[in-house]
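>>> coordinates only, sequence not included:
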């Protein structure tokens, strides 16, 4: 979780631990990666973050849950995403690459799952991503299972809301009752790794059959929850911040060019980014079957190129220090009617987005499908005299949508057309939390109302309490 590592460093800097931090960062293990692309001064930076599935560092008691090093030989990239930090827009975003993505592997080999490229080392994975997607990789960060668990434990665990009892017999996830659940490092890892997620509704266990794509969706929520806890715990407790950095030093590996000065420079860019500011994308794919490889995913054109372009070129806000529009008009959402139209083609997106629009104080005038599908960016269309109201809704979307005058709009003041990159309505309202009770499997639970679900979160997915 390279994003969390940068947050940890920022926490220490804000606490005035500059000299101490330099000493600890010098101890991070560095890898020689030949195909790393140097970033120009002041240019955006792309950091390839890999969660290795190597079992070499796991304790003996965890072998039944994850398999031993003898049972699972070598290493693959269990989690792969690119962290994009843009000093111009002062934004950070994540592009996740599914592990079953079937692409040409660099070095003259035939096509295979992208996670297999890591078995030959990080350099081949870096080269594969650069060759296949034309995304320059400027730096590399790797964390293993043990490091991930240690990171969660260092912040005292995290709380997530489970709408239903949930389990995954392969990752070890076992949440016996719904509610706000406290996860230690081991339980958190079972959530982050879950590809065979099941939930209990009305006495029947239901299986989420979307595998890694659903796991990525849940990981994006998980990253925000962990970022929030790392920031709050580290800022208030120097001992926690020390434990976080100590864990990172022990279990994180980086490329040879990511020296201490470069890390501090990245942190300076990243430190103003909060959990809700992080924009997340998943590369669009199509499920297919390949002889000898079984079920895999191939990039979906042209949507994948559009998402990559949006990921690499975020909009530059007019106002300094934020991703929202330059000026948020002083109008109230009360009484503003909004049609919510699904423009992405993602099942159920309009209904979920409408729930968040209503939670932000707007009046939903109806939901449905847009006349055209396949939109990447979202659009807020507005009728005559409703520009200020459109800008207000745009601000609730974190500035990720454009606004567009529509003199022919009837039946509502505004129309929100959602795209595949839609990240939700970030209302200023706060969610309730409660103190957790006790439970099993490294988790504790107590009833608590959930935070509003992100638009790409399914009703059964865990989320922030």
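Cool, got the structure. Worth saying up front: this structure is predicted, and the values here are computed from it rather than measured.

>>> look up how far residue 333 lies from residue 391.
In this structure, residue 391 and residue 333 are 12 Å apart, going by C-beta to C-beta, to the nearest Å. (Each C-beta comes from the backbone N, C-alpha and C, glycine too.)

>>> for those two, indicate the residue with more neighbours.
For residue 391 and residue 333, the more surrounded residue by other C-beta atoms under 10 Å is residue 391, and the numbers stand at 20 against 17.

>>> verify the stated contact: that one with residue 402.
No - using C-beta atoms under 8 Å, residue 391 is not in contact with residue 402, being 11.0 Å away.

>>> okay, the closest residue in space to residue 414 that isn't next to it in sequence: pLDDT?
By the measure of C-beta to C-beta, 6 or more residues apart in numbering, the closest residue to residue 414 outside its immediate chain neighbours is residue 338, 4.7 Å from it. In the predicted model, residue 338 carries a pLDDT score of 94.

>>> mind listing what's buried in the helix or strand where residue 380 lies?
Remark: residue 380 resides in strand 379-382, with elements defined by DSSP states H and E. Going by neighbour count (16 or more other C-beta atoms under 10 Å), the buried part of strand 379-382 is 379-382.

>>> how about those residues in TSV, adding pLDDT and distance to residue 92?
What follows is those, written out as TSV (pLDDT from 0 to 100; distance: C-beta to C-beta, whole Å):
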residue	pLDDT	distance to residue 92
379	90	23
380	93	23
381	93	29
382	92	29
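
>>> neighbours around residue 347, how many?
Using other C-beta under 10 Å, the number of residues around residue 347 comes to 10.

>>> so what would you say the end-to-end distance of stretch 100-111 is?
The straight-line separation of the ends of stretch 100-111 (C-alpha to C-alpha, to the nearest Å) is 11 Å.

>>> picking that back up, burial count for the residue nearest to residue 414?
Residue neighbour count, defined by other C-beta under 10 Å, stands at 27 for residue 338.

>>> helix, strand, or coil at it?
strand (DSSP: H, G, I helix; E, B strand; the rest coil).

>>> so what's it bridging to?
Residues found in beta-bridge contact with residue 338 (criterion: DSSP bridges) are residue 364, residue 414.

>>> what distance do you get for it to residue 408?
Counting by C-beta to C-beta, the separation of residue 338 from residue 408 is 17 Å.

>>> returning to that earlier point: how about the contacts made by the residue nearest to residue 414?
If a contact means C-beta atoms under 8 Å, 6 or more residues apart in numbering, then residue 338 has 357, 362-365, 393, 412-416 as its contacts.

>>> hmm, try it at 10 Å
Listed by C-beta atoms under 10 Å, 6 or more residues apart in numbering, the contact set of residue 338 reads 353-354, 357-358, 360, 362-367, 380, 382, 389-390, 393, 412-416.

>>> lowest average confidence, helix or strand, in this structure?
The element with the least model confidence among the helices and strands of the chain, by mean pLDDT, DSSP states H and E, is strand 443-446, at a mean of 46.

>>> average pLDDT across stretch 41-49?
Here the average pLDDT along stretch 41-49 is 90.

>>> list the buried residues of it.
For stretch 41-49, burial by neighbour count (16+ other C-beta under 10 Å) applies to 44-49.

>>> among those residues, which pair sits farthest apart?
With distances taken as C-beta to C-beta, the most widely separated pair in the buried residues of stretch 41-49 is 44 and 49, at 15.5 Å.

>>> mutual contacts of residue 391 and residue 402, please.
Each of residue 380 lies in contact with both residue 391 and residue 402 under the rule C-beta under 10 Å, 6+ apart.

>>> tell me the strands beside the strand ranked longest in the chain, with direction?
In the chain, assigned by DSSP state E, the strand with the most residues is strand 77-86. The partner list of strand 77-86 in its sheet, established with DSSP bridges, is strand 45-52 (antiparallel), strand 91-96 (antiparallel).

>>> so for residue 255, which of those sits nearest?
When the strands paired with strand 77-86 are compared by C-beta to C-beta, strand 45-52 sits nearest residue 255, at 8.7 Å.

>>> where exactly do the helices run in the stretch 101-250 of the chain?
Along the stretch 101-250 of the chain, the stretches classed as helices by DSSP state H, counting those that start in this stretch are 122-133, 145-154, 185-192, 211-236, 238-251.

>>> quick one: low-confidence parts of the stretch 101-250 of the chain?
Counting by pLDDT under 70, the low-confidence segments of the stretch 101-250 of the chain come to 109, 234-238, 241.

>>> if you set the cut-off to 90 instead, what comes out?
Under the criterion of pLDDT under 90, the regions of the stretch 101-250 of the chain flagged as low confidence span 107-110, 119-120, 143-148, 150-151, 154-155, 223-250.

>>> residue contacts, the closest residue to residue 149 other than its chain neighbours?
Taking C-beta to C-beta, 6+ apart, and ignoring the residues beside it in sequence, residue 149 has residue 185 as its nearest neighbour in space, at 3.2 Å. Applying C-beta under 10 Å, 6+ apart, we find residue 185 in contact with 145-155, 157-158, 247, 442.

>>> in space, what's closest to the residue nearest the centre of the chain - neighbours in sequence excluded?
When the chain is reduced to its mean C-alpha position, the closest residue under C-alpha atoms, centre = their mean turns out to be residue 220, at 2.6 Å. Once flanking residues are discounted, residue 220 sits nearest to residue 280: 4.2 Å by C-beta to C-beta, 6+ apart.

>>> distance between the helix or strand hosting the one you found and the chain's centre?
Element membership of residue 280 [criterion: DSSP H and E] is strand 279-282. On the basis of C-alpha atoms, centre = their mean, to the nearest Å, strand 279-282 is displaced by 6 Å from the centre of the chain it belongs to.

>>> next structured bit after that strand?
Heading C-terminal from strand 279-282, the first helix or strand you meet, by DSSP H and E, is strand 285-290.
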